[in-house]
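> Here is the input, now give the coordinates:
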Amino acid sequence: MRKIIGIILLIIIAWGIGTSLQEIPFGISRAKLADHYIHNGKEETGAANIVTSVVVSYRSLDTLGEVTVLFLAAIGLGAVLAALKQKSVKESEKASLILSTGCRLLFPLILLFGAYIFIHGHLTPGGGFQGGAIVASAFVLMYLGCHKEKKINETGSILSESLGGLAFIVIGLIGLAIGTGYFLNNFLPKGEFNTLLSAGIIPIIYIAIGFKVGAELSKIIDLLMEES
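Presented below is the predicted three-dimensional model:
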């Protein structure tokens, strides 16, 4: 069974590589691709951040792969830690006054800043992965300073991760179905350039990625802190 699955995966990978080679003419330089992104990215995607245009539009399947790798890493870590048997439980050291006070004051502000980063990813440097990592850093602070009082809500974490991933896939498939035949085709109106409600599906995708990455990294932190 494993051999059959492996062969199927190799066929899919080979098909993807072959399709990519057919779409990109041989001999084209990276400089030409970069020039196309720089000069046409704003018009084609409506995003003021050119990096966003590349990550969420031109190389959308790569972004899907990155999200999948992070998801598999979270699952793998959970499986490994679940298989380990904890021999002893040690009393954790009490956090200092500065750390515990900073946890209560900074935790909501860090969450707000992370949300700001992935909501404005199409306008300024940042995006779903960066915003999600900032959100997860808030939970690191929570465990260090308020570990006896607060804990990650497992139901909320799973729900955020699932809805974020589902939104990413559904929007990508809708673009594939009604667009020009590629995943995450920007099928929504691009709006007014350099405003919050612009760039079509890109802000929605970044919000979905932000929730998913934030939930997955927070869950990884939760598993590691419980194990330690």
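> show me the residues around residue 133 that make contact.
Residue 133 makes contact with 114, 213, 214, 217 under the criterion C-beta atoms under 8 Å, 6 or more residues apart in numbering. The way it works is simple: take the backbone N, C-alpha and C, and place the C-beta from them, glycine included.
> again with residue 121
Contacts of residue 121 by C-beta under 8 Å, 6+ apart are 49, 52, 127, 128, 130, 131, 202, 203, 206, 210.
> and it, what pLDDT?
pLDDT, residue 121: 90.
> can you check residue 129 too?
pLDDT, residue 129: 91.
> if we can go back for a sec, keep only those of the contacts of residue 121 that are in strands.
Using DSSP state E, no member of the contacts of residue 121 sits in strands.
> of the residues you listed, closest to residue 101?
Checking the contacts of residue 121 against residue 101 by C-beta to C-beta gives residue 131 as the nearest, at 25.3 Å.
> where's that closest one relative to residue 139, distance?
Using C-beta to C-beta, to the nearest Å, residue 131 is found at 14 Å from residue 139.
> The contacts of residue 133 in helices, which ones?
Among the contacts of residue 133, the members found in helices (DSSP state H) are 114, 213, 214, 217.
> Pull the distance from the helix or strand harbouring residue 112 to the chain's centre.
If you go by DSSP states H and E, residue 112 is part of helix 97-119. Computed by C-alpha atoms, centre = their mean, to the nearest Å, the separation of helix 97-119 from the middle of its chain amounts to 20 Å.
> Check which helices and strands that helix sits against.
helix 128-146, helix 202-227 (3 or more C-beta pairs under 8 Å, 6 or more residues apart in numbering; DSSP states H and E).
> List the buried residues for the longest one?
By 16 or more other C-beta atoms under 10 Å, the buried positions in helix 202-227 come out as 202-223, 225.
> how about residue 203, what does it touch?
Contacts of residue 203 by C-beta under 8 Å, 6+ apart are 119, 121, 122, 196, 197.
> Could you check how far the third one is from residue 109?
Just to be clear, that refers to residue 122. 23 Å.
> Looking at those two, which is more packed in?
It is residue 122, of residue 122 and residue 109, that has more neighbours when counted by other C-beta atoms under 10 Å, with 29 against 10.
> And what about the more buried one, helix, strand or coil?
At residue 122 the chain is in coil, as set by DSSP: H, G, I helix; E, B strand; the rest coil.
> Go ahead and confirm it touches residue 205.
No. With contact defined as C-beta atoms under 8 Å, residue 122 does not count as touching residue 205 (9.1 Å).
> Give the residues shared as contacts by those two.
Common contacts of residue 122 and residue 205 (C-beta under 8 Å, 6+ apart): residue 56.
> which non-adjacent residue is nearest residue 55?
Spatially, and ignoring its direct neighbours in sequence, residue 55 is nearest to residue 63 (5.6 Å; C-beta to C-beta, 6 or more residues apart in numbering).
> which other residues reach the one helix or strand the one you found maps to?
Residue 63 belongs to helix 60-83 when elements are defined using DSSP H and E. Helix 60-83 is touched from outside by 16, 55-56, 129, 161, 165, 168-169, 172, 182-184, 209, 212-213, 216-217, 219-220, 223-224, 226-227, with contacts defined as C-beta under 8 Å, 6+ apart.
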